[in-house]
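Asks: Predicted coordinates and the sequence they were generated for:
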2 protein chains.
Amino acid sequence: MARSKTLKTVTRKDIAAAAGVSETIVSYVINGNRYVREDKRARVQQAIKDLKYRPNAMARALKGKRSHHILFIADDITGEYFGRLIGEIDRLAYKEDYFITLCSDRPDEDFVNRIYSRFFDGIIIGSATFPLANIQRLIDSGVAVVLLEIRDYQSITGSFGLINTGLLKGIGQAVDALYERGRRHLLFIDRVSDSGQWSGVDDWRLGGFLDRCNALGIDSSIVSGAYSEEELLEAVLARLASNERVDGIIGRNDLCALIGMQGCKHVGLIVPQEVSVIGFDDTRICRYCSPTLSSVAISQKRIAYAVIEMMMSLIGAEKGKQKPLKTYLDTALVIRESV
Amino acid sequence: MARSKTLKTVTRKDIAAAAGVSETIVSYVINGNRYVREDKRARVQQAIKDLKYRPNAMARALKGKRSHHILFIADDITGEYFGRLIGEIDRLAYKEDYFITLCSDRPDEDFVNRIYSRFFDGIIIGSATFPLANIQRLIDSGVAVVLLEIRDYQSITGSFGLINTGLLKGIGQAVDALYERGRRHLLFIDRVSDSGQWSGVDDWRLGGFLDRCNALGIDSSIVSGAYSEEELLEAVLARLASNERVDGIIGRNDLCALIGMQGCKHVGLIVPQEVSVIGFDDTRICRYCSPTLSSVAISQKRIAYAVIEMMMSLIGAEKGKQKPLKTYLDTALVIRESV
DNA sequence: CTGAAAGCGCTTACAG
DNA sequence: CTGAAAGCGCTTACAG
């Protein structure tokens, strides 16, 4: 490191010198994997404290120890939903002595190679667009992988963790709630993406929406493909102005639902009298908009807990001895004025 | 790494064998710091491609090369403001071949030791509560440090980057806007923090608010210390119900302003006729609440750009040869229905 | 122009 | 019980 020029980095050698023991002893004290005479151990620990020594994580990782870094891949890290999730994950990971590195999913070929340079003990995939082949490759390489099940991962094999966040159940709850209120013409509003990463039918929110509408025998339509909020609003307006009726709207997230509500206002449709609207994620915005927005709530705290617990179990496990892990979480539909 | 058991990691040695050159040559091709005969270079590059080789970042970092990791320390990573900022920073950093590791500021002593293990080429500090002594220690150690100037950093010396995000100017704009509308009794609503990290007077938003009110000779008061939104609302209600008048509210962020608006509704104060409200950060919520919320806008894109540009300059610079860098950014008050 | 060698800071099998 | 030694995967000064 360039900085080693200005900083007399304190290394194991310094501790050994200060404590009057061999460097080997220092290592064994740190790793606790061999008996060390009590007085030596005490002197080493004192020296570590005095000199504020921390073993070089790079060197340890090179020797096969853990890097204590976990990568989180998301396709949109800017939303409040991911913000809260990452905040929780960070908090729990820190307790386990882990750092969370964040990364938006990238379409380019090089991306998986870059994350593949053995820097990370574990990888959390919260992106619905990260190629399945890459996921498989990562799992095969032996790195601990936890997947947030927001799409179909049936084809993935090997040892990994799977968190079912209840999306399918949640989208079902939303469709059912609209159905119960007599809504028969539902519109799904997909997310805004400036990098063109919209939902496919293997996305559980969109796919689940279509399936559920089908099962109930009601109309379903989709607005997708917007690069900006403005574009999305226009697309929604175009859809609402068309001949085909809309009496229920589900947003892929709360913002999408909000834009749906805005669209209704523009064309003179009254929420909730004429159109019912439900969002997803139950972010804070739901309580502050007008009418207040109903939304499907997923507990980020519980997801975060499940993610970290599973990750620690995978990282700690004997390689190859590990069975796939799976956790199911629950969702709740929060009803507010908009339905 | 434990995974090396299951994965035949491709190393420099494999490339050397595949290309029929010495390992040294492989390194020189990768680093481009010595002439290598054209045909050898070509064979090495082909082998790298074929075997999908990526040099082990740990080993390179150990030898003094960069780790290509930057740490971002924030005190609240869950808000939309930080979400957008981090999203932008991540995007720009990725172009420079850097990863962003995220971390909430921690009060415990061990925190700075942990980040101090030479894992990061650079550290971005976006927390208003990270101890100054620790910042100084990091800078002295030679690591590249960029500070988001959300409080007073006068006492910090050495070589680092400073991004003035225009907070002082922004809070001034907000106070002035209220003053111009005849408001003389202003209330500042501080953030919610479940870890007890509220603003001090060295925080530029709060400090700037107090200073500006003082300069204009008008009343100022503060609501702070809430652990949850509910608690904050209660504190606001208590304040509004007291004998001392409030006719203008500024939130430390948009959510705080929104809670202020909610408080007004509860006690029957009409926004904006009786009380004007201004938020901070101009998040999306401002356009979807009712009345729509005026807010001080800071461009996260510009901040992100400045942060990464400065960081790359610091990381690339000769150690010790670097003068402090400083960038000033601008803010804009976006007026909506709430004033 | 190019290779063998030293060494970054560690861990741990190996040999006392 | 404990130390000297090998080696993780690299970079680069050193010596041809």
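Replies: Received, thanks. Numbers count the residues shown, from 1 in each chain, chains lettered A, B, ... in the order given.

Asks: Outside of stretch A:218-238 itself, list whatever touches it.
Replies: By CB atoms under 8 Å, 6 or more residues apart in numbering or on different chains, the residues outside stretch A:218-238 that reach it are A:179, A:183-190, A:192-194, A:196, A:198-199, A:206, A:209-210, A:213-214, A:239, A:244-246, A:255-256, A:259-260, A:262-263, A:266-267, B:284. C-beta: built from backbone N, CA, C; applies to glycine.

Asks: Alpha carbons only: can I get that stretch in PDB?
Replies: Included here for stretch A:218-238 are C-alpha records, laid out as PDB according to Å, rounded to 0.1, in the frame of the first residue of the first chain:
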ATOM      1  CA  ILE A 218     -59.900 -11.100 -14.400                       C
ATOM      2  CA  ASP A 219     -58.200  -8.600 -16.800                       C
ATOM      3  CA  SER A 220     -54.600  -7.800 -16.300                       C
ATOM      4  CA  SER A 221     -52.300  -5.400 -18.100                       C
ATOM      5  CA  ILE A 222     -48.800  -4.000 -17.600                       C
ATOM      6  CA  VAL A 223     -47.100  -0.700 -18.000                       C
ATOM      7  CA  SER A 224     -43.300  -1.100 -18.200                       C
ATOM      8  CA  GLY A 225     -40.200   0.200 -19.900                       C
ATOM      9  CA  ALA A 226     -39.900   3.600 -18.500                       C
ATOM     10  CA  TYR A 227     -36.500   5.200 -18.000                       C
ATOM     11  CA  SER A 228     -37.700   8.000 -15.800                       C
ATOM     12  CA  GLU A 229     -40.600   8.900 -13.500                       C
ATOM     13  CA  GLU A 230     -41.900  11.400 -16.100                       C
ATOM     14  CA  GLU A 231     -41.900   8.700 -18.800                       C
ATOM     15  CA  LEU A 232     -43.700   6.300 -16.500                       C
ATOM     16  CA  LEU A 233     -46.400   8.800 -15.700                       C
ATOM     17  CA  GLU A 234     -46.900   9.400 -19.400                       C
ATOM     18  CA  ALA A 235     -47.200   5.700 -20.100                       C
ATOM     19  CA  VAL A 236     -49.700   5.400 -17.300                       C
ATOM     20  CA  LEU A 237     -51.700   8.300 -18.600                       C
ATOM     21  CA  ALA A 238     -51.700   6.700 -22.100                       C
END
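
Asks: if you average pLDDT over that stretch, what comes out?
Replies: Taken as a whole, stretch A:218-238 carries a mean pLDDT of 96.

Asks: From the contacts of stretch A:218-238, which land in helices?
Replies: Among the contacts of stretch A:218-238, the members falling in helices are A:179, A:206, A:209-210, A:213-214, A:239, A:255-256, A:259-260, A:262-263, A:266-267 (criterion: DSSP state H).

Asks: Of those, which is the most crowded?
Replies: For the ones in helices among the contacts of stretch A:218-238, the largest neighbour count, defined by other CB atoms under 10 Å in any protein chain shown, is 32 neighbours, found at A:Gly260.

Asks: distance of that one from DNA strand D?
Replies: 51 Å (CB to the nearest atom of the strand, to the nearest Å).

Asks: what sits against that residue?
Replies: A:Gly260 makes contact with A:187, A:189, A:236, A:249, A:251, A:277 under the criterion CB under 8 Å, 6+ apart.

Asks: Leaving out chain neighbours, which residue sits closest to it?
Replies: By the measure of CB to CB, 6 or more residues apart in numbering or on different chains, the closest residue to A:Gly260 outside its immediate chain neighbours is A:Ile249, 4.0 Å from it.

Asks: Among the contacts of A:Gly260, give me the pair with the biggest separation.
Replies: Across the contacts of A:Gly260, no pair lies farther apart than A:Val236 and A:Val277, at 11.2 Å, counting by CB to CB.

Asks: more crowded one of the two?
Replies: Under the neighbour definition other CB under 10 Å, A:Val236 and A:Val277 were set side by side, and A:Val277 has more, 28 against 25.
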